[in-house]
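Chemist: Okay, predicted coordinates and the sequence, questions at the end:
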Amino acid sequence: MSEEQNQDTMATEELQAVIQRCQILEEQDFKGEDFNLFQVACQKCLEEGYVQEVLQVIQNEKNKVIVKSMGWNLVCPLVRCILSYKQEDEKREHCLKILNQLVQLCNPKELLLGLLERIEQTSGEQISQTILLLLQPLQTVLLKLHSKKSYSVGLSLSTISNQLSLLPVPYTKEQIREDKLGLCQCCSAVVDFAKPFVDQVVKNMDASTESDGKELKQELLKFCLKSFKYPLLIAQLDQLHEDIEEDPLRHFAAEILGILIDIGELIPTMFSYRGSRSQNWDNQDFLNEDRKHSADSLACLSYLVFVQCIGIDCFPMVFSPSYLLQCNMTHIELLLKRTEESVLTKGLDLLENSLLRMEDDSLHHQYLEFKGFITAPQDLVKVMTLCPIEHLRKKSLKILQLYVDKFDAEGKYTLFRCLLKTSNHAGVEGYVIQNIKNQIDLSLKRANDCKWFTGPHLVSLLDLVLLLPEGAETDLLQNSDRIMASLNLLRYLVIKDNEHINQTGVWTELNKIKQNFLKPLHTGLNMSRAHYEAEIKSKKENRQASQNCKTVCSLTVGGEKMPNMTTEMQLQVLHSALFTFDLIESVLARVEELIELKIKTVADKNIGGQMKHSMS
């Protein structure tokens with residue numbers, strides 16, 4: 001007999017020796033040493049391929065007491081063996097029979113700990129494999145429990161959720177279809193795992209005095225909230241493509257919402273975190289603890305209901321669009337501050353969906369006093385200016401305009417003041433100034449002009465618009481968008497507002513506008529042009545030397561360092577800056593020409609009136 005065969009024989013002999021030793025003992029006489037010997041002997045046989053021998057030991061009626069007391073220790077080595085064999089291997093089938101026998105014979109509480117320990121210890125690709133393997137045995141064990149079932153169900157769901165959170169969420173349709181690490185399969189399987197416990201809660205919902213039923217409902221609710229946070233918040237669910245019903249993550253979302261609906265917690269969950277304690281919650285400690293972690297979950301829930309319309313049929317259509325916007329604003333604020341594309345997209349979609357439910361000019365300005373209403377446009381501006389994803393920047397701009405359109409005149413006025421003070425971005429400021437111009441135009445065309453965009457209120461707003469942030473020292477190139485918008489607004493006011501009626505107040509403020517805006521702008525243009533012309537002259541003088549040496553230089557324009565470039569490229573940038581100054585100067589000249597023309601016309605009329613009066 002070879003040494004290897006001798007060792008193999010020793011493994012089975014050791015197992016038999018342990019069994020014979022334990023068979024003569026009563027269950028209460030088992031010691032820690034016996035548990036250890038049984039586990040080591042079985043593990044050695046499993047690792048060396050003697051699976052059938054272990055199966056025979058487990059199935060032997062004489063060993064029933066031993067298996068009942070000690071079998072739960074075999075879960076970890078048994079799962080390792082199962083995962084090491086191919087699907088069609090007979091030894092894998094034997095291992096599965098051993099597992100099934102353990103589920104039938106072992107103490108449920110002890111086996112539960114063994115199963116959860118194994119799930120918790122896995123990592124990488126084996127996470128999904130282990131979960132898919134053990135969900136059915138785990139469900140069977142939980143259903144056999146008589147005491148602390150709710151706690152055990154919650155512990156199991158929490159352990160599974162924590163492990164699933166380690167798996168990356170598939171993003172593209174190809175990744176979802178491939179499901180390389182098995183997240184989608186696990187999501188589907190865990191819903192089936194939870195169904196008997198959901199059914200139990202539904203069955204006992206009328207028995208309001210049953211504490212275990214309430215506890216089980218809370219555990220299921222915790223699981224739903226965890227599922228909303230991960231993977232559903234991260235999942236890319238915004239693309240409503242033709243085969244959407246085949247999207248496993250969307251199907252998972254529908255199933256989780258279905259659980260909330262079945263246990264009667266959809267509406268209480270969506271509104272329980274507004275204001276004070278909800279009467280639907282009996283465990284205040286749970287509520288306080290869960291509030292810390294549930295913001296992401298509730299934001300995802302609102303997105304699924306209102307944007308994806310999952311469960312919308314169960315949502316009462318009695319709330320006004322403005323109230324729903326108010327309810328969702330906390331979620332929107334949270335989502336817009338995230339940087340992940342899928343999460344940020346959810347925030348934009350939820351805000352857009354909430355706004356599209358409303359009529360233009362219908363949102364009262366007092367809503368800006370509520371949390372989130374004044375920060376939402378600021379968050380949109382950050383996305384517009386800082387987000388590296390182009391389509392999200394464009395979408396943010398579109399939604400910002402939609403947001404502005406929904407407010408009444410005072411609300412628009414307040415938003416414009418806020419954005420001018422906080423955006424710190426010339427392009428955004430130029431956009432706001434164009435919006436101000438549009439509102440002035442609407443006001444002047446109405447029979448009864450709007451007090452917020454004419455007279456003293458407008459003058460106060462123009463003080464923020466018709467000035468250079470740093471006087472003549474302002475970087476005109478960096479602020480060109482704002483300056484051009486301001487000049488165009490001033491030109492519009494001079495043309496449209498009759499100097500005798502002076503609805504906008506611009507004519508009484510003309511001296512201040514000249515002093516704070518037009519005069520420093522002239523000075524700034526002269527300084528900037530001189531600087532850039534000197535730069536161009538210097539570059540041209542050194543062009544030949546630069547070409548010979550093939551020098552690559554850097555250049556700072558508009559406060560930003562440009563990429564390394566050749567002298568010719570630098571000259572193009574510098575000439576482009578001069579062209580911008582020429583454009584600003586031409587509009588400035590036209591504005592001043594219009595002002596002088598109107599002043600002269602008024603003066604001529606006054607002189608003519610005086611002469612006519614003196615002649616009469």
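Modeler: That came through fine. Residues are numbered from 1 along each chain as shown.

Chemist: switch to C-alpha atoms for all contacts and neighbour counts from now on
Modeler: Fine.

Chemist: For the stretch 51-200 of the chain, give me the ranges with low pLDDT.
Modeler: Flagging of the stretch 51-200 of the chain using pLDDT under 70 yields an empty set of residue ranges.

Chemist: The chain now?
Modeler: Across the chain, residues meeting the criterion (pLDDT under 70) sit at 1-9, 11, 21-34, 206-211, 238-245, 272-293, 447, 449, 543-564, 602-616.

Chemist: name the helices or strands packed onto the helix or strand harbouring residue 382?
Modeler: Per DSSP states H and E: residue 382 is located in helix 375-386. With contacts taken as 3 or more C-alpha pairs under 8 Å, 6 or more residues apart in numbering; DSSP states H and E, helix 375-386 sits against helix 321-336, helix 390-406, helix 409-422.

Chemist: Buried residues, the second one. List them.
Modeler: Judged by neighbour count (16 or more other C-alpha atoms under 10 Å), helix 390-406 contains these buried residues: 392, 393, 395, 396, 397, 399, 400, 402, 403, 404, 405, 406.

Chemist: now that helix against helix 375-386, angle please.
Modeler: Per axes from the mean of the first three to the mean of the last three C-alpha atoms, to 10 degrees, the angle that helix 390-406 makes with helix 375-386 is 150 degrees.

Chemist: who touches helix 390-406?
Modeler: With contacts defined as C-alpha atoms under 8 Å, 6 or more residues apart in numbering, helix 390-406 is touched by 345, 348, 351-352, 355, 358-363, 377, 380-381, 383-385, 387, 412, 415.

Chemist: Let's see the helix holding residue 382 as CSV, backbone CA atoms only.
Modeler: Extracted C-alpha coordinates of helix 375-386, given in CSV (Å, rounded to 0.1, in the frame of the first residue of the first chain):
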residue,chain,number,x,y,z
THR,A,375,-29.7,75.2,-2.2
ALA,A,376,-31.1,73.1,-5.1
PRO,A,377,-30.3,75.8,-7.7
GLN,A,378,-26.9,76.3,-6.2
ASP,A,379,-26.3,72.5,-6.5
LEU,A,380,-27.5,72.6,-10.1
VAL,A,381,-24.9,75.3,-10.7
LYS,A,382,-22.2,73.1,-9.3
VAL,A,383,-23.2,70.3,-11.6
MET,A,384,-23.3,72.7,-14.5
THR,A,385,-19.8,74.0,-13.8
LEU,A,386,-17.9,71.2,-12.2
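
Chemist: wait, which of the helices and strands packed on helix 375-386 is closest to residue 124?
Modeler: Proximity to residue 124 (C-alpha to C-alpha) singles out helix 321-336 among the helices and strands packed on helix 375-386, at 28.8 Å.

Chemist: Which residue is the nearest non-sequential neighbour of residue 517?
Modeler: Excluding the flanking residues, the one nearest residue 517 by C-alpha to C-alpha, 6 or more residues apart in numbering is residue 467, at 4.4 Å.

Chemist: pretty sure that neighbour belongs to a helix, no?
Modeler: No. With DSSP: H, G, I helix; E, B strand; the rest coil as the criterion, residue 467 is coil rather than part of a helix.

Chemist: related to what we said a few turns ago, show the buried residues in the contacts of helix 390-406.
Modeler: Neighbour-count burial (16+ other C-alpha under 10 Å) applied to the contacts of helix 390-406 gives 345, 348, 351-352, 355, 358, 361, 363, 377, 380-381, 383-385, 387, 412, 415.

Chemist: which residues in this structure form strands?
Modeler: Secondary structure of the chain (DSSP state E): strands at 556-557, 560-561.

Chemist: Throw the buried residues of helix 390-406 into TSV and include distance to residue 72, thanks.
Modeler: Formatted as TSV, the buried residues of helix 390-406 follow (distance: C-alpha to C-alpha, whole Å):
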residue	distance to residue 72
392	52
393	56
395	56
396	56
397	59
399	57
400	59
402	61
403	60
404	63
405	65
406	63
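
Chemist: now, which of those residues sits nearest residue 147?
Modeler: Closest approach to residue 147 among those (C-alpha to C-alpha): residue 392, at 51.6 Å.

Chemist: now the residue nearest the centre of the chain: how far from residue 86?
Modeler: Closest to where the C-alpha atoms of the chain average out (C-alpha atoms, centre = their mean) is residue 343, at 2.4 Å. Separation of residue 343 from residue 86 (C-alpha to C-alpha, to the nearest Å): 39 Å.
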